[in-house]
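In: Here is the input, now give the coordinates:
(one chain, ligands or ions: 1)
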Amino acid sequence: MSGTESSSDTLTYRRIFPEHVAPQLEDDSPPTAHLYLDRRSRIGCGHHSNVYKASFRLPAPLETESEGYAAVVAKVAVPRREARGFLNHEAAIYDSFPEYLSQEFSGYALVPGIKFPVPVGAVVPKFFGYYVPEHDGYDALDTASPSPILLLEECGSPIEPQNLSHDAKAECLSMFFRLHLSGYLQKSAFKKNILVQPGPLTVAPHKRSLDSPSFRIIDFGRASRRPAKNKKDWLDEKDIEVKDVQKVLRIPRHSMC
Ligand SMILES: Nc1ncnc2c1ncn2[C@@H]1O[C@H](COP(=O)(O)OP(=O)(O)OP(=O)(O)O)[C@@H](O)[C@H]1O
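Out: Residues are numbered from 1 along each chain as shown. A predicted model of the protein is given here:
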């Protein structure tokens, strides 16, 4: 992959995750994608990273039927070892997520703690890969080198809990239940880590609208996976996370069963 900061500034990166090796092109060259990144397109920042809107041109014909562009966000770590560590960990978590966690609306289901069926669908952004600068002996934690890049689906802006309907809050909470059921704790329950964007309308004209909001949980730099043994601590942490999310969403305790 090559990354462009300005028209005259191109860097080459290689994909670490997903690990699978794409088939070589006929002339034996590796497939190449292009990321068009402009520092002026920053849309978010946290304690450990900056997040930019970017355009990602996929290699053809390997990743898609035809060559195409995807609107993505590029998350890069600030120059601190700890931040690089978080980004590495987050990339491994995204790489391990089952595919259904990033698939759009897929129906209704009963989830623990909620008495009525809730919509189930994507919980996390789609993962477009984790890339490191291409040079010998590259050390992702060495802050003298450019940061690796985590490429994700763009998922809107942070929620404002006071503006959310009852149903929307139930949907956000149920996303955390689905994440937990899939074996993950996010461990950073803040409103800035739940994003909302216009979602697909189920009735004509089927365009995207905030009348049908679409939510995603982001920021998995501190996330943990359910251990095979000694699950007690994990289950306790899960209960704490549910309470934290309820607080963030301003859901009164007595409304849960
Ligand atoms: N997939 C995305 N789509 C749209 N905006 C995003 C996305 N990911 C991150 N952002 C924006 O960037 C901000 C910072 O991202 P994030 O919370 O992942 O950074 P961080 O540095 O890991 O956070 P922390 O402060 O918890 O260390 C988010 O609050 C959000 O506004």
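
In: Around the ligand, pick out the residues from the chain.
Out: Proximity of the chain to the ligand, by C-beta under 6 Å from any ligand atom, involves residues 43-49, 51, 73, 125, 152-155, 158, 188, 192-193, 195, 218-219, 221. The way it works is simple: take the backbone N, C-alpha and C, and place the C-beta from them, glycine included.

In: helix/strand/coil for residue 83?
Out: Of the three states, residue 83 takes helix under DSSP: H, G, I helix; E, B strand; the rest coil.

In: where does the chain dip in pLDDT?
Out: For the chain, the stretches flagged by pLDDT under 70 are 1-8, 20-28, 60-67, 105-106, 109-114, 118-120, 202-206, 254-257.

In: 80 instead, please
Out: Applying pLDDT under 80 to the chain picks out residues 1-9, 20-30, 59-68, 104-120, 136, 200-207, 209, 253-257.

In: That one: strands as residue ranges?
Out: 2-6, 9-17, 34-45, 49-57, 69-77, 107-109, 118-120, 127-133, 149-153, 157-158, 184-185, 194-200, 208-217, 224-225 (DSSP state E).

In: which outside residues touch the last one?
Out: With contacts defined as C-beta atoms under 8 Å, 6 or more residues apart in numbering, strand 224-225 is touched by 93, 96, 183, 184, 185, 187, 234, 237.

In: so which pair among those residues is furthest apart in space?
Out: 96 and 237 (18.0 Å; C-beta to C-beta).

In: Okay, buried residues for the longest helix along the chain please.
Out: Looking across the chain with DSSP state H, the single longest helix is helix 232-249. Within helix 232-249, the residues that qualify as buried are 238, 241, 242, 244, 245, 246, 248, 249, counting by 16 or more other C-beta atoms under 10 Å.

In: neighbour-wise, which of the contacts of strand 224-225 leads?
Out: Among the contacts of strand 224-225, the one with the most neighbours (other C-beta atoms under 10 Å) is residue 184, at 24 neighbours.

In: wouldn't it be in contact with residue 222 here?
Out: No - with contacts counted by C-beta atoms under 8 Å, residue 184 stays clear of residue 222, the gap being 11.2 Å.

In: How about stretch 209-225, which residues are buried there?
Out: For stretch 209-225, the neighbour count (16+ other C-beta under 10 Å) marks 213, 214, 215, 216, 217, 218, 219, 220, 221, 223, 224 as buried.

In: Can you get me the start-to-end distance on it?
Out: 34 Å (C-alpha to C-alpha, to the nearest Å).

In: go on, stretch 145-165?
Out: First residue to last in stretch 145-165 (C-alpha to C-alpha) measures 45 Å.

In: From the chain's centroid, how far away is it?
Out: 7 Å (C-alpha atoms, centre = their mean, to the nearest Å).

In: List the residues that contact the residue lying closest to residue 128 once chain neighbours are set aside.
Out: Leaving aside its sequence neighbours, residue 128 sits nearest to residue 151 (C-beta to C-beta, 6 or more residues apart in numbering; 3.7 Å). Contact analysis of residue 151 by C-beta under 8 Å, 6+ apart lists 35, 54, 56, 72, 73, 74, 75, 127, 128, 129, 130, 131.

In: So which of those residues is the closest to residue 145?
Out: Checking the contacts of residue 151 one by one against residue 145 (C-beta to C-beta), the nearest turns out to be residue 131, at 12.9 Å.

In: wait, isn't the closest one in contact with residue 11?
Out: No - with contacts counted by C-beta under 8 Å, residue 131 stays clear of residue 11, the gap being 9.9 Å.

In: Looking at the two now, which is surrounded by more residues?
Out: Using other C-beta under 10 Å, the more surrounded residue of residue 131 and residue 11 is residue 131, with 23 against 17.
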